[in-house]
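[1] Next comes the sequence, and after it the predicted model I'd like to discuss.
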Amino acid sequence: MIRIVTLEPYDPEDLAALSRTLFQAYGLGTEHAGSKPLPAEAETNDGRYDAARILSEVEPIKTFADDKVLYLTSAPIRVKPGPLGEPPSWCYAVFGGDRAVLSTGRIPARGATEASIEDYRQRLAREAIHSVGHLWELHHCYDPRCAMHPSWSPNLPEHPEQHLCTFCREKSERRIRMSKT
Ligand SMILES: [Zn+2]
Ligand SMILES: [Zn+2]
């Protein structure tokens with residue numbers, strides 16, 4: 001099961017749409033498991049939030065063995081810099097782990113028109129599929145149409161699709177099957 005935990009209020013219809021798309025992408029039940037406060041301890045001196053600390057400090061929710069938990073916040077997050085510097089952070093996922101945090105602040109504004117809300121929901125879904133993909137040990141994918149293509153890539157289309165390529169999809173299906181046995 002995929003459990004979405006919001007760290008601030010989100011529109012319930014946006015969350016319902018997100019749950020449906022995650023269910024379609026991974027074939028796993030997905031629900032909004034409630035809201036928790038964004039842990040103040042995770043705030044860093046530049047005003048961004050340390051993503052790993054969000055995951056370690058946030059109040060726990062009830063989960064079962066194979067659950068994956070996706071936290072949503074509009075706060076900017078930072079991750080530990082790698083050899084090439086600090087990557088632009090949309091999400092932080094413990095690779096192969098059980099929890100990830102997605103910063104929705106980078107998604108173009110939701111706006112108030114039907115079209116802008118639809119764009120927002122599609123991008124939110126794409127980034128959520130991406131974050132959860134890392135939890136199923138999916139790596140970044142070269143295919144710019146695949147949800148596992150890096151979110152910061154200059155090759156990303158303006159309105160990226162919310163699907164996994166065949167390779168990534170099959171890999172996720174294998175991982176999900178293995179976790180159930
Ligand atoms: Zn990624
Ligand atoms: Zn792919």
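    Cool, the structure landed. As the structure is a computational prediction, the values presented were derived from the model and not from experiment. Ligands and ions are numbered 1, 2, ... in the order given.
[2] Scan this protein for its longest helix.
    For the chain, the helix reaching the highest residue count under DSSP state H is reported as helix 114-135.
[3] The helix or strand harbouring Arg174 and ligand 2 in contact?
    Secondary structure assigned from DSSP states H and E places Arg174 in helix 166-180. Yes: taking Cβ under 5 Å from the ion as the criterion, helix 166-180 and ligand 2 are in contact, through Cys168. The C-beta positions use only the backbone N, C-alpha and C, and glycine is treated the same way.
[4] Low-confidence bits of the chain, can you list those?
    For the chain, the stretches flagged by pLDDT under 70 are 181.
[5] show me where it has helices.
    Using DSSP H, the helices found in the chain span residues 12-26, 51-57, 114-135, 166-180.
[6] Deepest-packed of these, please.
    For those, the largest average neighbour count (mean count of other Cβ atoms under 10 Å) is found in helix 114-135, namely a mean of 20.
[7] What is that one packed up against?
    Applying 3 or more Cβ pairs under 8 Å, 6 or more residues apart in numbering; DSSP states H and E, one finds that helix 114-135 contacts helix 12-26, strand 68-73, strand 91-93, strand 99-103.
[8] centre of the chain versus stretch 62-70, how much separation?
    Mean C-alpha position of stretch 62-70 versus that of the full chain (Cα atoms, centre = their mean, to the nearest Å) differs by 14 Å.
[9] ditto for stretch 169-181
    Stretch 169-181 sits 18 Å away from the centroid of its parent chain (Cα atoms, centre = their mean).
[10] What of stretch 103-113?
    On Cα atoms, centre = their mean, the centre of stretch 103-113 falls 14 Å from that of its chain.
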